[in-house]
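Chemist: kindly generate the corresponding structure for this input.
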Amino acid sequence: MTLLIKRHRSNGHGGQPSAFLVSSARLFNEGVMGFLALVALATALGPLVFDVGPEAERALTVVEWVLVAAFAAEFAVHGAVAEDFGAWSRSRWRIVDAITILGPIVALLPQVSDLARGSLMFRVLRLGRAFAFGTRASSAAVRTQRGAGLTARTTTPTVTVIRAEDALQRVGSDWRTFLAWVEEPGRSWFHASNLGRDHFRQLAQVAGVPDQELDRWLTDDGHAKLREGARYATLVLEVPDSDSPVLPEVRRDRLLAVITDRGVLTATTGSFDLQASAMSLLGSLSGMSFPPRVASAVLSLVHERNASLAERFVAEVRRLEALDGGQALLREAFKLRREISTAALDVWHVRGLISALANGKTKLHGVDLKDEKYLDQLLADTESLHEKVDKTKEELKSLIELHINMKSFEMNRFLKLLAVVSFLGLIPSIAGGLLGMNVVGNPWSVTLGQVAFCVAMGMATALYVFAVRGWLK
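Modeler: Numbering: from 1, shown residues only. Just a heads-up that it's a prediction; the model follows:
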């Protein structure tokens with residue numbers, strides 16, 4: 001029903017769920033409920049296919065009531081442990097859950113069954129129950145896949161601050177001060193890392209960001225985008241982990257930056273220490289005012305992370321080129337191609353954002369950065385990086401096509417051999433069909449040896465023709 005079991009409850013929902021509820025929620029997982037939905041589907045459709053007696057029908061009705069009770073219990077338990085009951089109840093999957101529970105309840109009520117029994121309506125009710133259970137069963141796999149990325153972190157966020165008047169010295173801070181800065185921004189850069197969904201929801205409430213926009217940012221794409229507001233500008237970026245231990249899998253952290261006319265606030269989903277990595281870049285941008293200075297440093301850091309990741313992609317493609325063909329190579333190549341395509345799209349969005357700022361088409365909360373040479377150079381570097389990533393993707397595409405063509409060539413050789421063997425087998429088959437199973441007693445005077453000789457010569461002649469035509473190579 002929902003996969004957010006490991007998350008702790010938001011402060012607005014009323015404390016931590018009990019251990020019993022958490023254990024029950026883990027028991028009512030999508031694998032178990034999907035199987036129960038299939039069983040319920042069979043009990044609903046069975047009487048429509050087989051002739052069952054009154055006792056068997058009563059037994060099936062009891063089983064259906066037990067299954068509906070299990071679905072209702074699952075609904076209640078997952079609602080009790082949901083981090084945000086409002087957001088949980090507004091999910092479109094709750095409609096499926098309501099159909100699964102309420103539909104069979106209405107159809108199984110004794111007064112409804114008595115009125116409909118023996119009529120066409122009785123079959124309609126059974127089909128309705130079957131539809132509800134079938135919908136619940138088919139949604140299990142989809143919910144598991146879509147909900148896999150929604151698990152939030154329960155760790156404590158790490159908050160640091162760099163004040164513009166303190167010679168860019170970084171000091172520690174706390175989450176309460178971080179939220180207070182949103183209401184009264186100062187000349188400082190606050191950064192919070194290792195945030196979960198509940199922390200972002202608190203930040204969105206303080207900043208006045210709608211829940212729909214926050215959910216879209218957390219669950220959908222995190223490509224670079226800049227949005228202007230009355231109080232501040234919002235910058236959304238995706239920061240790749242260029243030091244991922246294993247390629248082609250690449251972990252990416254979402255980054256949200258709130259830019260005002262006095263300072264900047266940034267928040268990331270991972271433990272990436274953004275300020276420590278950007279300290280050297282801040283020192284080289286002393287000609288800008290503080291907020292554009294921080295924003296330019298963040299954009300430059302995202303470019304550096306993507307450039308480092310592009311180098312690793314190139315090295316991985318070279319490694320795959322040195323391998324022999326096979327399913328393992330193609331599997332790794334397709335995964336790598338997916339990651340490279342994602343990186344190319346990220347870089348393309350970052351390039352568009354930097355281009356809009358460098359050309360003066362977009363202002364950073366009222367600040368025109370058109371004359372900043374640093375952004376011009378960063379734009380040129382980002383365009384070059386995008387071309388490099390695209391080139392790497394094309395090289396990998398050529399490698400994949402090469403190995404697929406080799407597999408096709410090997411398959412064609414096998415099919416050619418199969419065609420030759422099939423044609424050679426036609427010769428004795430035709431001879432046997434014309435002469436029958438016995439040669440003795442036929443109206444023509446031929447012996448078995450003569451038939452075998454003719455068949456063998458026919459097959460040898462066919463092989464000679466194939467060899468001359470080059471079809472045996």
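Chemist: which other helices and strands contact the strand or helix carrying T234?
Modeler: Per DSSP states H and E, T234 falls inside strand 233-240. With contacts defined as 3 or more CB pairs under 8 Å, 6 or more residues apart in numbering; DSSP states H and E, the packing partners of strand 233-240 are strand 225-228, strand 252-259, helix 290-321, helix 327-358. The C-beta positions use only the backbone N, C-alpha and C, and glycine is treated the same way.
Chemist: what are the pairing partners of that strand, and which direction each?
Modeler: Strand 233-240 pairs in its sheet with strand 225-228 (antiparallel), strand 252-259 (antiparallel), by DSSP bridges.
Chemist: next, the angle helix 327-358 makes with the last one.
Modeler: By that I understand strand 252-259. Here the directions of strand 252-259 and helix 327-358 differ by 10 degrees (axes from the mean of the first three to the mean of the last three CA atoms, to 10 degrees).
Chemist: following strand 252-259, which helix or strand shows up next?
Modeler: Per DSSP H and E, strand 252-259 leads on to strand 264-268 as the next helix or strand towards the C-terminus.
Chemist: just checking, next helix/strand downstream of that next one?
Modeler: Next element after strand 264-268 (DSSP H and E): helix 274-283.
Chemist: now do the buried residues in that following helix.
Modeler: 274-275, 278, 281-282 (16 or more other CB atoms under 10 Å).
Chemist: ok, stretch 209-216 next?
Modeler: 209, 214-215.
Chemist: what's the closest of those residues to A358?
Modeler: V209 (27.1 Å; CB to CB).
Chemist: residues contacting the closest one?
Modeler: V209 sits next to 203, 234 when contact means CB atoms under 8 Å, 6 or more residues apart in numbering.
Chemist: am I right that it falls within a strand?
Modeler: No. Using DSSP: H, G, I helix; E, B strand; the rest coil, the assignment for V209 is coil, not a strand.
Chemist: give the burial count for G196, as a bare number.
Modeler: 19 (other CB atoms under 10 Å).
Chemist: next one: the one 10 residues further on
Modeler: As a burial measure, V206 scores 14 neighbours (other CB under 10 Å).
Chemist: which SSE is it in?
Modeler: Assigned by DSSP H and E, V206 falls in helix 197-207.
Chemist: that helix - contacts with which helices or strands?
Modeler: Under the contact definition 3+ CB pairs under 8 Å, 6+ apart, helix 197-207 sits against helix 175-183, helix 211-219, strand 252-259, strand 264-268.
Chemist: save these as JSON lines, and put in distance to S296 too.
Modeler: What follows is the helices and strands packed on helix 197-207, written out as JSON lines (distance: least, CB to CB, whole Å):
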{"stretch": "helix 175-183", "distance to S296": "20"}
{"stretch": "helix 211-219", "distance to S296": "22"}
{"stretch": "strand 252-259", "distance to S296": "11"}
{"stretch": "strand 264-268", "distance to S296": "11"}
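Chemist: check those for me: which has the lowest mean pLDDT.
Modeler: Mean pLDDT values for those show the minimum at helix 211-219, a mean of 70.
Chemist: mind listing what the residue lying closest to H403 once chain neighbours are set aside touches?
Modeler: The shortest distance from H403 to any non-neighbouring residue, by CB to CB, 6 or more residues apart in numbering, is to G325 (4.5 Å). Listed by CB under 8 Å, 6+ apart, the contact partners of G325 are 403, 406-407.
Chemist: and G270, how far from L255?
Modeler: 9 Å (CB to CB, to the nearest Å).
Chemist: shared neighbours, these two?
Modeler: V239.
Chemist: more neighbours: those two, which one.
Modeler: L255 (24 against 17).
Chemist: for the more buried one, give me its contacts.
Modeler: 222, 235-239, 266-268, 274, 298, 302.
Chemist: low-confidence stretches in the stretch 151-300 of the chain?
Modeler: 151-155, 166-167, 216-222, 242-248 (pLDDT under 70).
Chemist: switch the cut-off to 50
Modeler: Scanning the stretch 151-300 of the chain for pLDDT under 50 picks out 151-153.
Chemist: rewinding a little: would you list the buried residues of stretch 209-216 in CSV and tack on distance to R351?
Modeler: Shown next, in CSV, are the buried residues of stretch 209-216 (distance: CB to CB, whole Å):
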residue, distance to R351
V209, 26
L214, 26
D215, 27
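Chemist: of those residues, closest to D376?
Modeler: The shortest approach to D376 among the buried residues of stretch 209-216 belongs to V209, at 31.8 Å (CB to CB).
Chemist: how much space between the closest one and A356?
Modeler: 22 Å.
Chemist: what's the helix or strand where V66 lies packed up against?
Modeler: Using DSSP H and E, V66 falls within helix 54-81. Packing contacts for helix 54-81, counted by 3+ CB pairs under 8 Å, 6+ apart, involve helix 19-27, helix 30-49, helix 85-89, helix 93-108, helix 120-147.
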